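Enquirer: the following comprises the amino acid sequence and a computationally predicted model.
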Amino acid sequence: MCKYISMIPVEYKKPKRVIGWGDYKGLRKFESIYDLPFEAVDVLLKLLTVQGDTEFASIEQHMPWLFHAPKLSDRVTISRIMVDEMRHGWQVIQLLKEFGEEGKKIAENLLWTRMGRHKLDAFNIPFNMWEDTLGFTFLIDRVGLYQLLAFEDSSFGPLSRIIPTMLMEEEFHINFGYTGIKRLVEEGKRDLAQALINKWFPRGLDMFGHSKSYTIDLAYKYGIKRMRNDEMRQLYIKDVAELIAPLGLELPDVNRNRRIF
Ligand SMILES: [Fe+2]
Ligand SMILES: [Fe+2]
């Protein structure tokens, strides 16, 4: 278990062969889209579209710092993060292709969507300064980790099998962000660290989506996702609060600068 993820133990469990929750609990997982109930196909397409969009979007955001990060070691880390996100995006595209023409069209769109047109606001914000990389990986990749945890052992077999490696890599990204923020504080740049938290935390909270979501209710019913939006958001708030308190940083008001509740 990673010491920087205090609320949820991340253990990278091997996916099981049966569905773990929802209306189909105890039955064999859906291994092909032809096994999926009709309603579940739609839900999966929606969730995979958002997941894929975030993977490719962050690559564009990181891009400038691949060349301009202050230290060589930082550039190497950025290149590793970009490779990871690219492979995550590629894996989502492989899943989307299973969904025939509709999935292929979505996949094609994902490849051509650029900053400003992404579904989630956090991915439409450029990293204007190097330290944005730290705020983003600390707080936005952390939301990604929660989303992946919600997909862990998903009822769609091919999805459940790509999650463990993704989780491991996300953990690396968020630890890079956390240690970076911690370093800023140690270097006497507390105000900058706080400004980064104030900037990215509201976007992170919004990323969990609406508290009342019919899509997520269906995702739970069909065993695709095991946690609901607000349940994850509350864990995230607690988690971030615990991590920043020892650094002398403050958690912004959870309603400040928010767009999605
Ligand atoms: Fe990712
Ligand atoms: Fe990431």
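Expert: Good, I have the coordinates. Ligands and ions are numbered 1, 2, ... in the order given.
Enquirer: residue 201 contacts residue 250, doesn't it?
Expert: No: between residue 201 and residue 250 there is no contact, the gap being 10.3 Å when judged by CB atoms under 8 Å. The C-beta positions use only the backbone N, C-alpha and C, and glycine is treated the same way.
Enquirer: more crowded one of the two?
Expert: Taking other CB atoms under 10 Å, residue 201 and residue 250 do not tie; residue 201 has more neighbours (25 against 12).
Enquirer: please report how far that one lies from ligand 2.
Expert: Look at residue 201 and ligand 2: by CB to the ion, to the nearest Å, they are 17 Å apart.
Enquirer: the protein: strands as residue ranges?
Expert: Remark: strands of the chain are absent; assignment by DSSP state E.
Enquirer: where is the longest helix in it?
Expert: Identified as the longest helix of the chain according to DSSP state H is helix 38-68.
Enquirer: for that helix, packing partners?
Expert: Packing partners of helix 38-68 (3 or more CB pairs under 8 Å, 6 or more residues apart in numbering; DSSP states H and E): helix 72-97, helix 100-112, helix 130-151, helix 214-221.
Enquirer: so which residues on this structure come close to ligand 2?
Expert: For the chain, the contact set with ligand 2 under CB under 5 Å from the ion comprises 141, 170, 173.
Enquirer: returning to what we had before: can you list the helices and strands packed on helix 38-68 in a markdown table and add mean pLDDT?
Expert: Listed next are the helices and strands packed on helix 38-68 as a markdown table, based on pLDDT from 0 to 100:
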| stretch | mean pLDDT |
| --- | --- |
| helix 72-97 | 98 |
| helix 100-112 | 97 |
| helix 130-151 | 97 |
| helix 214-221 | 97 |
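Enquirer: what about those helices, which gets the closest to ligand 1?
Expert: Nearest to ligand 1, of all these, is helix 72-97, at 3.9 Å by CB to the ion.
Enquirer: same question for that closest one: list its buried residues.
Expert: Neighbour-count burial for helix 72-97, with 16 or more other CB atoms under 10 Å as criterion, is recorded at 74, 77-78, 81-82, 84-85, 88-89, 91-93, 95-96.
Enquirer: show me which of those residues neighbour ligand 1.
Expert: Residues of the buried residues of helix 72-97 in contact with ligand 1 (CB under 5 Å from the ion): 85, 88.
Enquirer: for the buried residues of helix 72-97, which one is nearest residue 19?
Expert: residue 95 (17.5 Å; CB to CB).
Enquirer: the closest one touches residue 161, doesn't it?
Expert: No: if you go by CB under 8 Å, residue 95 and residue 161 don't touch, sitting 10.2 Å apart.
Enquirer: mean confidence for stretch 193-205?
Expert: The pLDDT scores in stretch 193-205 average 98.
Enquirer: neighbouring contacts of it?
Expert: 120-122, 125, 131-132, 134-136, 138-140, 142-143, 181, 184-185, 233, 236-237, 240, 244, 247, 249-252, 254, 256-259 (CB atoms under 8 Å, 6 or more residues apart in numbering).
Enquirer: restricted to buried residues, select these in PyMOL.
Expert: In PyMOL, this line selects whichever of the contacts of stretch 193-205 come out buried by 16+ other CB under 10 Å:
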select buried, resi 120+122+125+131+132+134+135+136+138+139+140+142+143+181+184+185+233+236+237+240+244+247+249+251+252
